[in-house]
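# this one's structure only:
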């Protein structure tokens, strides 16, 4: 026990320590208890000496938040670890909600990180230089009808589209349906970037088109970025011009 | 001259060094020439000993890229500095475009940073936990009609809306028009977060509603985040639930 408890909700960024902020490392250093998903805990193993570490697997998000709450209630400083940015499809929301449900006024601080769209974009060139939408294809918590509607609206508005969670073992066809929706609004030759393991081990990327994007491997460690009507590929880079005159 | 030139395009994040990645600091360290907008150069003054520094004011973006190209052509390692993420309304696109126009194969590396939406979200709570759009209201380079269309589409899709560049001295009314468009799709009491100087000096935020958002100061150092139909405010935090059952 260290007096007043506190919860940091931390986004480590893409995984490579070079892209984790000093604020994240410092918050972990100040914490006596680290709570996280197995894979993320492994990324920071070297920082965990003398700390209590609580880890669990997928779909245990609420449990992890409850544990973070329990330790913080006992006066501990707790870091709850996400990859990317904890505020984007991460743990920031659910942790706040758990505190609210408990009627707790424990201090909570969200430490932002580099989210997958920005990491992936930096590898592809400059695909999100203009207005973009971020859409997750995971229908575990969201009605697939709503996700499809958002794809329509993203297409209609000629946004660049960043697709998170494009595919999982139990969800193979959503990415095909998503592409078919976008084809109603975007040309077949619209550039598409597929990035695997952005800014971490086994990084790789493909530049292709909306027509051909399904010919490549896409899975849960992939982010897919679909261009707008001005996006082009040149010098093996995907670029969405902002409109400067050269 | 150091042999082969290279250009790093760097996003410093929101401005506070605690949120600048080690990759960004390292790239600056390796560079002999630093090119940037005055205000960003000031943020890294302590890192510039013994470096050639080239800075200029607003709307000189193309000039800065040309200068980065010129130095890199002479074999220099050059860092072109943006705040936030260079890939989001930043310098990554225009730098790539300048290299392409010159027919140059100089190496370019984009170093991602934390963009304003993520920094602002971390201060407000967890407003972008679900699908969101990022829209700039600046019509310097983009037709205002297209921006308005995107606001309609963002509203129609029940996205969270992150508004960059909401207002400038010469552009006072766009934010009002944007709000009026969003009111066609979103309830008057939809939560809105207004963040000034996210994660840097003079940081501040307001939690309000779509109905009342224009009662508060909004300018170029502000990001405005408008919730979706599930977003709520509690404990002085703005939360967009992802849908977990508690």
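Ah, there it is. Since the model is a prediction, treat every value here as computed from it, not as a measurement.
# Can you give me every residue that contacts residue A:151?
Under the criterion of CB atoms under 8 Å, 6 or more residues apart in numbering or on different chains, the contact partners of residue A:151 comprise A:135, A:161, A:178, A:181, A:182. C-beta coordinates here come from the backbone N, C-alpha and C atoms, glycine included.
# what helix or strand is it on?
helix A:144-156 (DSSP states H and E).
# where along chain A do the strands fall?
When assigned using DSSP state E, the strands of chain A occupy the ranges A:6-11, A:33-37, A:52-56, A:77-82, A:107-111, A:125-126, A:132-136, A:160-164, A:191-196, A:204-209, A:222-226, A:232-234, A:237-239.
# Including distance to residue B:85, could those go into JSON lines?
Conversion of these to JSON lines gives the following (distance: least, CB to CB, whole Å):
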{"stretch": "strand A:6-11", "distance to residue B:85": "14"}
{"stretch": "strand A:33-37", "distance to residue B:85": "25"}
{"stretch": "strand A:52-56", "distance to residue B:85": "30"}
{"stretch": "strand A:77-82", "distance to residue B:85": "18"}
{"stretch": "strand A:107-111", "distance to residue B:85": "17"}
{"stretch": "strand A:125-126", "distance to residue B:85": "10"}
{"stretch": "strand A:132-136", "distance to residue B:85": "12"}
{"stretch": "strand A:160-164", "distance to residue B:85": "13"}
{"stretch": "strand A:191-196", "distance to residue B:85": "15"}
{"stretch": "strand A:204-209", "distance to residue B:85": "18"}
{"stretch": "strand A:222-226", "distance to residue B:85": "14"}
{"stretch": "strand A:232-234", "distance to residue B:85": "21"}
{"stretch": "strand A:237-239", "distance to residue B:85": "15"}
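# quick one, which of those is nearest to residue B:174?
For residue B:174, the closest of the strands of chain A is strand A:132-136, at 19.0 Å, according to CB to CB.
# How is chain A divided into domains?
The record's domain split for chain A, according to automatic domain parsing, is A:6-111, A:116-239.
# what's the average pLDDT for the helix holding residue A:151?
For helix A:144-156, the per-residue pLDDT values average out at 98.
# can you check stretch A:207-214 too?
Taken as a whole, stretch A:207-214 has an average pLDDT of 98.
# Repeat that for stretch A:52-70.
If you average the pLDDT values across stretch A:52-70, you get 92.
# which residues does residue A:234 contact?
residue B:100.
# Which strand residues bridge it?
With beta bridges defined as DSSP bridges, residue A:234 has these partners: residue A:237.
# packing partners for the lowest-mean-pLDDT helix or strand in chain A?
Every helix and strand in chain A was compared by mean pLDDT, DSSP states H and E; the lowest is helix A:38-43, with a mean of 90. For helix A:38-43, the helices and strands in contact under the criterion 3 or more CB pairs under 8 Å, 6 or more residues apart in numbering or on different chains; DSSP states H and E are strand A:52-56, strand A:77-82.
# The first one pairs with which strands, parallel or anti?
Same thing as strand A:52-56. strand A:33-37 (parallel).
# centre of the chain versus the strand it pairs with, how much separation?
Between the centre of strand A:33-37 and the centre of its host chain there is 18 Å, according to CA atoms, centre = their mean, to the nearest Å.
# Apart from its chain neighbours, what residue comes closest to residue A:161?
Once its chain neighbours are removed from consideration, residue A:161 has its nearest residue in residue A:226; the separation is 4.3 Å (CB to CB, 6 or more residues apart in numbering or on different chains).
# hey, what's that neighbour bridged with?
When bridges are taken as DSSP bridges, the partners of residue A:226 come out as residue A:161, residue A:192.
# Please verify my assumption that it contacts residue A:192.
Yes - distance between residue A:226 and residue A:192: 5.2 Å, which falls inside the contact criterion (CB atoms under 8 Å).
# shared neighbours, those two?
Overlap between the contact sets of residue A:226 and residue A:192, as judged by CB under 8 Å, 6+ apart, is given by A:210, A:213.
# remind me which residues of chain A are low pLDDT?
In the predicted model of chain A, residues A:1-3 satisfy pLDDT under 70.
# one more time with 50, if that's ok
In the prediction, chain A carries residues with pLDDT under 50 at positions A:1-2.
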